[in-house]
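*Asks:* just need the structure, nothing else, for what follows:
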Amino acid sequence: MAQKDSVEALSNAKKMTIICTKGSLDWAYPPFILATTAAAMDVDVTMFFTFYGLTLLNKDLKLKVTPLGNPAMAMPMGGMHMSMPNMVGMIPGVTDMASVMMKNLIKKKGVASIEELREAAVLSDVKMIGCQMTLDLFEMDKGDMIDEVELGGAATWMAHALESDINLFM
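*Replies:* Numbering: from 1, shown residues only. Have a look, this model is predicted:
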């Protein structure tokens with residue numbers, strides 16, 4: 001009877017995949033927060049990092065926000081929310097300034113860094129697959145990435161996605 005219960009529990013196990021395509025600070029948070037939250041809820045999570053999202057697996061992260069083309073970006077300043085006109089993002093130094101402001105806000109509010117969320121994902125057994133094609137295309141070095149990365153391609157992700165209850169593209 002106990003074996004039947006464990007087989008039934010396994011058949012009811014939830015699975016989720018997330019495709020990560022963006023490598024900026026603002027686009028790194030959603031997949032890592034969703035992955036670590038799902039893992040904490042006993043969901044089997046696989047993250048597939050492709051194109052610019054592959055840089056999120058680098059040991060040394062140099063993440064910046066993307067103010068250009070992001071008209072919804074508003075930062076709390078002086079008790080109000082200050083919007084940045086889209087064109088301001090084209091001015092040299094604005095991306096760096098906005099990135100420093102965002103990192104300071106993250107720290108001030110006690111929000112986990114991407115490095116901390118990534119480590120939490122590792123500790124929660126979230127499977128992280130780096131796209132081999134992207135690695136080759138951009139002439140990246142696997143040695144620059146965290147040790148827990150598995151390399152694979154679209155077929156590797158598909159094997160996980162076909163068994164998943166939830167598939168997200170970010």
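*Asks:* so Thr46: helix, strand or coil?
*Replies:* Assigned state for Thr46: strand (three-state reduction, DSSP: H, G, I helix; E, B strand; the rest coil).
*Asks:* how about low-confidence regions in this protein?
*Replies:* Within the chain, the stretches with pLDDT under 70 are 1-12, 67-77, 80-91.
*Asks:* can you map out the strands along it?
*Replies:* 15-20, 44-49, 74-77, 80-83, 127-131, 149-152, 166-169 (DSSP state E).
*Asks:* any chance of those in TSV, plus mean neighbour count and distance to Pro92?
*Replies:* For every residue, glycine as well, the C-beta is placed using N, CA and C. Output for the strands of the chain, formatted as TSV (neighbours: other Cβ atoms under 10 Å; distance: least, Cβ to Cβ, whole Å):
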stretch	mean neighbour count	distance to Pro92
strand 15-20	23	28
strand 44-49	25	29
strand 74-77	12	19
strand 80-83	10	20
strand 127-131	23	31
strand 149-152	16	34
strand 166-169	14	32
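*Asks:* out of the ones you listed, nearest to Val94?
*Replies:* The closest of these to Val94 is strand 74-77. By Cβ to Cβ, the value is 12.1 Å.
*Asks:* JSON lines for the strands of the chain, including distance to Ser99?
*Replies:* Output for the strands of the chain, formatted as JSON lines (distance: least, Cβ to Cβ, whole Å):
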{"stretch": "strand 15-20", "distance to Ser99": "19"}
{"stretch": "strand 44-49", "distance to Ser99": "21"}
{"stretch": "strand 74-77", "distance to Ser99": "11"}
{"stretch": "strand 80-83", "distance to Ser99": "16"}
{"stretch": "strand 127-131", "distance to Ser99": "24"}
{"stretch": "strand 149-152", "distance to Ser99": "24"}
{"stretch": "strand 166-169", "distance to Ser99": "25"}
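*Asks:* out of those, the one nearest Leu63 is which?
*Replies:* strand 15-20 (12.8 Å).
*Asks:* what residues are up against Tyr29?
*Replies:* Contacts here follow Cβ atoms under 8 Å, 6 or more residues apart in numbering; on that basis Tyr29 touches 114, 117.
*Asks:* again, but for the one 5 residues further on
*Replies:* Leu34 sits next to 16, 18, 168 when contact means Cβ under 8 Å, 6+ apart.
*Asks:* how close does it sit to Gln132?
*Replies:* 24 Å (Cβ to Cβ, to the nearest Å).
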